[in-house]
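>>> Structure for the following, please:
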Amino acid sequence: MSRILIVYLSAYFLALCWALIVLWSSGIFQRVSPMWIVAAFLVAFGLGILLAIVSARPSHFVHQRD
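So this is what the prediction gives:
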């Protein structure tokens, strides 16, 4: 894994954990079904992985004109 990918994923998951703590402390999780909480977490987790991979893609795919 590249260093940029590790830094991006670390920052993303730190922000995700912070958001979960804020939602838990505000009492939002008490009003939402556990199924929706798990589904939202899986979507956020997958989105973080996909965004990290796309942002760390090598730039050698760009064609240069002569």
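>>> In which helix or strand does the residue lying closest to residue 44 once chain neighbours are set aside reside?
Of all residues not flanking residue 44 in the chain, residue 16 sits nearest, at 5.7 Å (CB to CB, 6 or more residues apart in numbering). To be clear about C-beta, it is placed using only N, CA and C from the backbone, and glycine gets the same treatment. Element membership for residue 16 (DSSP states H and E) is helix 3-26.
>>> List the buried residues for that helix?
Under the neighbour-count criterion of 16 or more other CB atoms under 10 Å, helix 3-26 has 8, 9, 12, 20 buried.
>>> Quick one: list the elements packing against it.
Where contact means 3 or more CB pairs under 8 Å, 6 or more residues apart in numbering; DSSP states H and E, helix 3-26 is packed against helix 34-55.
>>> Quick one: mean pLDDT over the helix it packs on.
Confidence over helix 34-55 (mean pLDDT, whole number) is 86.
>>> From the chain's centroid, how far away is it?
On the basis of CA atoms, centre = their mean, to the nearest Å, helix 34-55 sits 6 Å off its chain's mean C-alpha point.
>>> Between helix 3-26 and it, find me the angle.
Inter-element angle recorded for helix 34-55 and helix 3-26: 160 degrees (by axes from the mean of the first three to the mean of the last three CA atoms, to 10 degrees).
>>> Tell me who's in contact with the residue most central in space within the chain.
Geometric centre of the chain, nearest residue: residue 48, 2.3 Å, by CA atoms, centre = their mean. Neighbouring residues of residue 48 by CB atoms under 8 Å, 6 or more residues apart in numbering: 9, 12, 13, 16.
>>> Please produce a markdown table containing those residues, extended by pLDDT.
Shown next, in a markdown table, are the contacts of residue 48 (pLDDT from 0 to 100):
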| residue | pLDDT |
| --- | --- |
| 9 | 83 |
| 12 | 87 |
| 13 | 89 |
| 16 | 89 |
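>>> Which member of those residues is positioned nearest residue 30?
Closest approach between those and residue 30, by CB to CB: residue 16, at 19.8 Å.
>>> what about the closest one, distance to residue 39?
Residue 16 is 14 Å from residue 39, where distance means CB to CB, to the nearest Å.
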